[in-house]
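Student: below are the sequence and a predicted model for it; my questions follow.
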Amino acid sequence: MAEAETDKTTLLVVDDSRLMRVAARKILRNDFNIIEASDGEDAWQALQQHPEIALVMSDLSMPRLDGLGLLKRIRESDFSKLPVIIVTGAEDDDGSKKTALTAGASDFITKPFESVQLLARAKSQARQKDTQEALQQSEAETQLLREASQVDPLTGLANKRAFISHLEENLAYATRHRTELSLLLIRIEKYKVLYLRRGKAVAETLVKELARILGAGRRREDTVGYIALDTFGILLPSANLPGAKRVLAQIADAINATNVSVDGEPVPFKVSFGLCTPDIRPGIPANEVLALAETALSAPDTPKPGATMAAKRPPNARVETPQHPKKPPATAPEAPCEAVEHAVATPADVQQALHALAHQAQPTRAPDALLRGILPLMDAWNRTHAQRYDTLLKTLREALYPEETPDTATTSARQPTEQVN
């Protein structure tokens, strides 16, 4: 057998006639690295010893293991994708060729073969194998990139894989530190109908505009994701039910104030909300929390414009299912999320207050609103000091939210505030 040369495609020539092997080698040696075998059994051993073999050219009639037997063995092995050219003689009938084709022969050539024809057939099969391998490698790389990607290309938000990963991490954190979290789903109603009637460009414009609204003003620890064709998710770590309701109300107001149009044509739409604040327990799975939010989102009852309603409570969860239409009538009732609505300063308000104090002026926002705005910062600071200021922060919360009950308030001083923006 010839020694392998790494810069050429390796071809295995199988024939019990030494004369035919020599003839094939002379024709192919300038373009291929040739390995020879005298029958099917020798060829099978060569395949085990030379994994670089990329193409097999085998005579059909040989002693011990013939070409058909070798072909079947190759197709049933780890070499199943290897191209095999069957060389037939005048004594081989059409039935033998049909049987070989059924067994998986890649091509045929008849002895005595012409040099140009033999070289062309060999090159053609080698190119097909190279193309197939390149496509498989490209598909594999594309799949790896898709799996590794954490960002949805249309919206720039977390994709479903990343969103679930964040949910799992935050559930583990909430279990360890006895904090709460909330999950909010936002679904575009009849999105597929819009897609079919108005087209892809219009539908994607709406999705991108909603992505912008949902991502605006979120806390650094929040995760906003585009998790289905018509559905967004917002993960609110450390947010209890009252705080999550306030986030929902702010988002609903922002959506209501939005007009989407494409080429001067308005794009009417409605969205539904599903809110879940699960009872945290060790080992609670992310899929269960998503299912609870879906239950709220898919509740059969339809509230009046601007109103909120509570879905039936699944085990171990508190859920809310408000639905907010695109443009409610001016007479629609306001969403009653809480009996008492507390003013909460935005980061811009806090910055303005610090600037005012630095210049010996009074902030424009009330002190209570400013304190509620920086509660997340104080909670983060407390965690960096091993929770040693739990009692202080609990007292502060009770002063800022005196009406909250133990069921809805942040009952443990380890639970950071639910705040918004």
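Tutor: Structure received.

Student: so which residues make contact with stretch 65-77?
Tutor: Contacts with stretch 65-77, where a contact means Cβ atoms under 8 Å, 6 or more residues apart in numbering, come from 14, 39-41, 43-44, 47, 56, 58-61, 80, 82, 84, 86-87, 96, 99-100, 103-105. Yep, even glycine has a C-beta here, placed from its N, CA and C like the rest.

Student: just the ones in strands from those residues, please.
Tutor: Counting by DSSP state E, those place 14, 56, 58-59, 84, 86-87 in strands.

Student: drop anything exposed from those residues.
Tutor: 14, 56, 58-59, 84, 86-87 (16 or more other Cβ atoms under 10 Å).

Student: now the ones in strands among the contacts of stretch 65-77 in a markdown table, with distance to Arg161 and pLDDT?
Tutor: Below are the ones in strands among the contacts of stretch 65-77 laid out as a markdown table (distance: Cβ to Cβ, whole Å; pLDDT from 0 to 100):
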| residue | distance to Arg161 | pLDDT |
| --- | --- | --- |
| Val14 | 48 | 94 |
| Val56 | 42 | 93 |
| Ser58 | 47 | 92 |
| Asp59 | 52 | 91 |
| Val84 | 41 | 92 |
| Ile86 | 47 | 89 |
| Val87 | 51 | 88 |
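
Student: got those as JSON lines, with distance to His385 columns?
Tutor: Shown next, in JSON lines, are these (distance: Cβ to Cβ, whole Å):
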{"residue": "Val14", "distance to His385": "76"}
{"residue": "Val56", "distance to His385": "71"}
{"residue": "Ser58", "distance to His385": "76"}
{"residue": "Asp59", "distance to His385": "82"}
{"residue": "Val84", "distance to His385": "71"}
{"residue": "Ile86", "distance to His385": "78"}
{"residue": "Val87", "distance to His385": "81"}
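
Student: returning to what we had before: and of the buried ones among the ones in strands among the contacts of stretch 65-77, the nearest to Ala296?
Tutor: Nearest to Ala296 among these: Val84, at 59.6 Å, using Cβ to Cβ.

Student: ok, which stretches of the stretch 201-350 of the chain are helices?
Tutor: 241-256, 286-297, 347-358 (DSSP state H, counting those that start in this stretch).

Student: now, of these, which is deepest in the fold?
Tutor: helix 241-256 (a mean of 21; mean count of other Cβ atoms under 10 Å).

Student: let me see the mean pLDDT of that one.
Tutor: Averaged across helix 241-256, pLDDT comes to 92.

Student: CA atoms only for it, dumped as PDB, please.
Tutor: Taking Å, rounded to 0.1, in the frame of the first residue of the first chain, the C-alpha atoms of helix 241-256 are listed here in PDB:
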ATOM      1  CA  LEU A 241     -46.600  41.500  44.300                       C
ATOM      2  CA  PRO A 242     -47.400  45.200  45.100                       C
ATOM      3  CA  GLY A 243     -44.100  46.300  43.500                       C
ATOM      4  CA  ALA A 244     -44.700  44.100  40.400                       C
ATOM      5  CA  LYS A 245     -48.200  45.600  40.000                       C
ATOM      6  CA  ARG A 246     -46.700  49.100  40.000                       C
ATOM      7  CA  VAL A 247     -44.200  48.000  37.300                       C
ATOM      8  CA  LEU A 248     -47.100  46.600  35.300                       C
ATOM      9  CA  ALA A 249     -49.200  49.700  35.600                       C
ATOM     10  CA  GLN A 250     -46.300  51.900  34.400                       C
ATOM     11  CA  ILE A 251     -45.700  49.600  31.400                       C
ATOM     12  CA  ALA A 252     -49.400  49.600  30.600                       C
ATOM     13  CA  ASP A 253     -49.500  53.400  30.700                       C
ATOM     14  CA  ALA A 254     -46.400  53.600  28.400                       C
ATOM     15  CA  ILE A 255     -48.000  51.200  25.900                       C
ATOM     16  CA  ASN A 256     -51.300  53.100  26.000                       C
END
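
Student: quick one: closest of the helices of the stretch 201-350 of the chain to Arg161.
Tutor: Using Cβ to Cβ, the helices of the stretch 201-350 of the chain put helix 286-297 closest to Arg161, at 11.4 Å.
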